[in-house]
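**Q** Just to be clear, the model below is a prediction. Sequence and coordinates:
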Amino acid sequence: MIEAFLFDWGDTLMIDFPDAKGKMCEWEKVEAVAGAKITLLSLSKQSKIYVATGAADSTEQEIKLAFERVGLSKYISGYFCKENIGFTKAEPEFLKSIISMLKISPSNIVMVGDSFEKDIKPALASGITPIWFSSINNAVIKNVYTIKDLTDLINHKINSNI
């Protein structure tokens with residue numbers, strides 16, 4: 001049973017506009033990734049939803065403000081970042097700390113992210129089930145499920161295979 005989903009922030013749940021400067025909560029334009037709202041609404045009915053981000057310059061409250069601006073914060077149970085974890089996403093202790101704080105077995109946690117290096121590899125190393133949100137065609141990697149659309153996460157067939 002999946003007790004918790006960890007989602008990356010930029011280009012997984014919210015669009016990371018490359019020309020935007022500063023903290024996302026202060027950007028003139030913010031936008032959720034297509035399918036994010038319906039996916040979080042559906043998944044949050046059975047599992048806790050968390051954001052696990054490598055954004056080192058934003059505080060937990062600033063991250064939450066960005067999600068409030070696109071109407072996603074009501075589905076999210078918490079936000080993990082350098083400020084409240086004490087480690088960067090690149091450090092192995094980042095996911096280990098989250099697992100410890102959640103008090104959930106890694107086998108009951110799913111990590112969804114767009115970066116193979118920053119999201120998928122660390123999840124695999126931590127015993128968390130990874131789901132790679134990628135547009136790469138036919139990306140087949142052992143023990144890694146790949147989706148091209150966030151709404152694929154609410155498909156019953158996919159959930160039963162996780």
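**A** Great, that's in hand.

**Q** you'd agree residue 113 is up against residue 9?
**A** No - the pair residue 113 and residue 9 fails to qualify as a contact (C-beta atoms under 8 Å) at a distance of 9.1 Å. Heads up, the C-betas are built off the backbone N, CA and C, glycines and all.

**Q** Between those two, tell me which one has more neighbours.
**A** Legend: neighbour count by other C-beta atoms under 10 Å for residue 113 and residue 9, higher for residue 113 (28 against 23).

**Q** Excluding chain neighbours, give the residue nearest to that one in space.
**A** With C-beta to C-beta, 6 or more residues apart in numbering as the measure, residue 119 is the residue that lies nearest to residue 113, at 2.5 Å, once sequence neighbours are left out.

**Q** right, and that neighbour touches residue 132 too?
**A** Yes - with contact defined as C-beta under 8 Å, residue 119 reaches residue 132; the gap is 7.5 Å.

**Q** Now the common contact residues for those two.
**A** With C-beta atoms under 8 Å, 6 or more residues apart in numbering applied, the overlap between the contact sets of residue 119 and residue 132 consists of residue 113.

**Q** More neighbours: those two, which one.
**A** Counting neighbours by other C-beta under 10 Å for residue 119 and for residue 132 shows that residue 119 has the greater number, 26 against 21.
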